[in-house]
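J.: 3D model of this:
(one chain, ligands or ions: 1)
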Amino acid sequence: MPELPEVETVRRVLEERLRGLRITAYKLGQPTFYRRPPDLKHLIGSTVEFVRRRGKYLVVGVSGRRELVLHLGMSGRLAFGAAGPHLRFQLMLQGEILGFHDARRFGRVGCPLPELGPEPLDSCFDPAYLHKALHDRKAPIKALLMDQRIVAGIGNIYATESLFQAGIKPRRPAGRLSKPEMARLVKAIKTVLRRAVKLGGSTLEDAAYLDPLGRPGRFQKRVSVYGRSVGACGHALKATRKPISGRTSLFCPICQK
Ligand SMILES: [Zn+2]
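T.: The predicted structure is shown next:
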């Protein structure tokens with residue numbers, strides 16, 4: 001599933017390629033993909049001014065202060081040109097077509113932006129904020145890091161990596177983390193995400209993420225735990241016995257407390 005670094009990589013490509021182009025038409029494919037087909041007629045004739053990211057959402061800002069919100073879901077992919085299977089949506093612009101492909105249908109087009117927690121790379125996401133958000137919570141820390149209302153943009157890969165960097169077991173009840181541990185976790189999240197953005201995100205075999213130009217990410221070669229049997233620390237990794245937020249989670253039984 002594309003997380004903050006992948007979505008940010010997509011955003012950068014889209015902004016460079018689409019800014020200044022006028023939207024001429026759009027086409028909705030596969031009506032069953034949409035709970036309610038979005039009416040985007042008001043976007044036709046407007047010009048793309050910017051593309052911003054909020055958590056895992058992309059927001060295409062067009063003239064007249066209008067916006068088109070996109071969410072890649074589990075397996076959604078944006079690509080220039082119209083070809084490809086599972087084409088759900090096409091945005092036609094002057095001399096450019098942006099296609100939204102989604103095999104697993106969890107993506108969204110033209111949806112409202114939900115309420116989201118702070119951006120993890122913003123300065124307001126700090127140890128004091130995390131302590132306030134988590135101090136009375138009993139759920140596993142990993143589940144709450146993946147809760148978009150607490151912090152936006154983190155999913156399985158980057159939660160797993162950040163908890164390893166911070167030396168914290170994924171199943172620990174969030175409210176039991178000490179203040180130094182919260183501080184280490186905030187620092188680890190920022191470090192991991194910045195590094196992943198720099199490397200264009202992660203392309204794993206199960207998700208096959210590619211940017212809109214078809215380029216894979218490179219962070220998967222630098223992961224410390226995710227998808228490995230031996231951690232970057234040299235110890236054999238273990239998986240949590242019970243899944244957390246529907247997924248088992250890898251951790252180092254020696255380095256993570
Ligand atoms: Zn270890």
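
J.: and the longest helix belonging to the chain, what does it pack against?
T.: Looking across the chain with DSSP state H, the single longest helix is helix 179-198. Here helix 179-198 touches helix 4-18, helix 127-134, helix 156-166, going by 3 or more C-beta pairs under 8 Å, 6 or more residues apart in numbering; DSSP states H and E. (Each C-beta comes from the backbone N, C-alpha and C, glycine too.)

J.: got those as CSV, with mean pLDDT, distance to residue 142 and mean neighbour count columns?
T.: Shown next, in CSV, are the helices and strands packed on helix 179-198 (pLDDT from 0 to 100; distance: least, C-beta to C-beta, whole Å; neighbours: other C-beta atoms under 10 Å):
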stretch, mean pLDDT, distance to residue 142, mean neighbour count
helix 4-18, 98, 16, 21
helix 127-134, 98, 12, 17
helix 156-166, 97, 5, 25
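
J.: in a markdown table: the ones you listed, plus distance to residue 101.
T.: Putting those into a markdown table (distance: least, C-beta to C-beta, whole Å) gives the following:
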| stretch | distance to residue 101 |
| --- | --- |
| helix 4-18 | 13 |
| helix 127-134 | 35 |
| helix 156-166 | 21 |
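
J.: continuing past the longest helix of the chain, what's the next helix or strand?
T.: strand 238-239 (DSSP states H and E).

J.: in its sheet, what does that next one sit against?
T.: If you go by DSSP bridges, strand 238-239 pairs up with strand 250-251 (antiparallel).

J.: if we can go back for a sec, ok, which of the helices and strands packed on helix 179-198 comes nearest residue 225?
T.: helix 156-166 (4.6 Å; C-beta to C-beta).

J.: does the closest one reach the ion?
T.: No - legend: contact between helix 156-166 and the ion by C-beta under 5 Å from the ion is lacking; minimum distance shown is 8.1 Å.

J.: return the distance of whichever residue of the stretch 51-200 of the chain sits closest to the ion relative to residue 203.
T.: Residue nearest to the ion within the stretch 51-200 of the chain: residue 164 (8.1 Å; C-beta to the ion). Separation of residue 164 from residue 203 (C-beta to C-beta, to the nearest Å) stands at 20 Å.

J.: where's residue 123, which helix or strand?
T.: Per DSSP H and E, there is no helix or strand for residue 123.

J.: I'd guessed residue 218 sits against residue 199; true?
T.: Yes - using C-beta atoms under 8 Å as the test, residue 218 is close enough to residue 199 to be in contact (4.2 Å).
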